[in-house]
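Undergrad: the following block contains a protein sequence and its predicted model.
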Amino acid sequence: VKGKPARETLLAALERFERESRVDGAGGKRAIDLGCGEGRDTAELVARGWRVLALDGHPEGIARTLERLGPEARGRVEARVARFEDLADGSWKAGEGEGVEDGGWDGGWELVNASFALPFCAPERFGAVWRWVVGAITPGGRFCGQLFGDRDEWATIADRTHHRRGELDGLFAGFVLEELREEEKDSPEVSGRVKHWHVFHVVARKM
Ligand SMILES: C[S@@+](CC[C@H](N)C(=O)[O-])C[C@H]1O[C@@H](n2cnc3c(N)ncnc32)[C@H](O)[C@@H]1O
């Protein structure tokens, strides 16, 4: 996916923030890009003035994310190797990568973006990870990204997390679901192999 543009769910969330035209703090709003990959969404966030904590379990993802940002952009990004499963214990702070001097992360984040990422979380850890995600978002802030449905072809893989449509209401109990698009189709994955996709594309605002 190298060099691809930002995901539609992120663009939709950003548009909503921009329409609200809430007054930014001096340093701009704060976002987490969970499973940032090679930084397609992180780059968009920084270009729009956000400060970003970019996390990925793969060191190459973090290296590529940093590589694609210019020096000024790098000053607004903390990029660390971290697994979703380890978010709650704060160990991401010690992960390989590069940090800004004071990320100001203690006050929480206005946005958690997780594009095609959280389904790769171990299912037995998903509940705790999700509670952390919900707790990390400030009231009025948003979650955007994808969750995979139970009819997705990868649902049979033991270490993946998939959801039935009905489960989403529980996950987003403290949110207004601003956009929820359920997509089911046969189309190629990155390798070119055709796969059955069942995906929920979500933008949600925390109450
Ligand atoms: C399908 S890619 C999505 C990348 C990017 N967000 C995008 O939309 O193109 C999933 C990303 O999640 C990361 N990942 C998978 N399992 C993870 C885990 N348990 N903890 C942290 N990152 C993980 C992978 O390294 C990969 O970069």
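TA: That came through, no problem. Residues are numbered from 1 along each chain as shown.

Undergrad: tell me what Leu180 is bridged to.
TA: Beta-bridge pairing for Leu180 (DSSP bridges): Val202.

Undergrad: residues contacting it?
TA: The contact partners of Leu180, taken as C-beta atoms under 8 Å, 6 or more residues apart in numbering, are Leu168, Phe200, His201, Val202, Ala204. Bear in mind the C-beta positions are built from the backbone N, C-alpha and C, glycine included.

Undergrad: who in the protein is up against the ligand?
TA: Within the chain, the residues that sit near the ligand (C-beta under 6 Å from any ligand atom) are 1, 7, 35-37, 40-41, 56-58, 61, 83-85, 115-117, 120-121.

Undergrad: might you list the low-confidence residue ranges for the chain?
TA: 1, 22-27 (pLDDT under 70).

Undergrad: can you rerun that using 90?
TA: 1-3, 21-28, 88-93, 99-104, 106-107, 190 (pLDDT under 90).

Undergrad: strands along that one, start to end?
TA: Assigned by DSSP state E, the strands in the chain fall at 30-34, 51-56, 77-81, 97-98, 109-114, 137-149, 162-163, 175-188, 194-206.

Undergrad: buried ones in the last one, by neighbour count?
TA: Right, strand 194-206. The neighbour-count check on strand 194-206 (16 or more other C-beta atoms under 10 Å) flags Trp197, His198, Val199, Phe200, His201, Val202, Val203, Ala204, Arg205, Lys206 as buried.

Undergrad: quick one, what contacts Val199?
TA: Gln146, Leu147, Phe148, Gly149, Asp152, Glu182, Glu183, Glu184.

Undergrad: which non-adjacent residue is nearest the last one?
TA: Yep, that's Glu184 we're talking about. Leaving out its chain neighbours, the residue that sits closest to Glu184 by C-beta to C-beta, 6 or more residues apart in numbering is His198, at 4.9 Å.

Undergrad: what about that neighbour, distance to Cys144?
TA: Separation of His198 from Cys144 (C-beta to C-beta, to the nearest Å) stands at 19 Å.

Undergrad: what does Pro71 give?
TA: 28 Å.

Undergrad: which of the two has more neighbours?
TA: Cys144 (27 against 6; other C-beta atoms under 10 Å).

Undergrad: from what I can see the more buried one touches Val202, true?
TA: Yes. If you go by C-beta atoms under 8 Å, Cys144 and Val202 touch, sitting 6.4 Å apart.

Undergrad: beta partners of the residue positioned nearest the centre of the chain?
TA: For the chain, the residue sitting closest to the mean C-alpha position, by C-alpha atoms, centre = their mean, is Ala114 at 1.9 Å. Beta-bridge partners recorded for Ala114 (DSSP bridges): Gly145.

Undergrad: does His196 touch Asp152 like I think?
TA: Yes. At 6.6 Å, His196 and Asp152 qualify as touching, with contact defined as C-beta under 8 Å.

Undergrad: so who does the nearest residue to Glu96 once chain neighbours are set aside touch?
TA: Spatial nearest neighbour of Glu96, excluding adjacent residues (C-beta to C-beta, 6+ apart): Val81 at 4.4 Å. Neighbouring residues of Val81 by C-beta under 8 Å, 6+ apart: Leu55, Asp56, Gly57, His58, Pro59, Ile62, Gly95, Glu96, Gly97.
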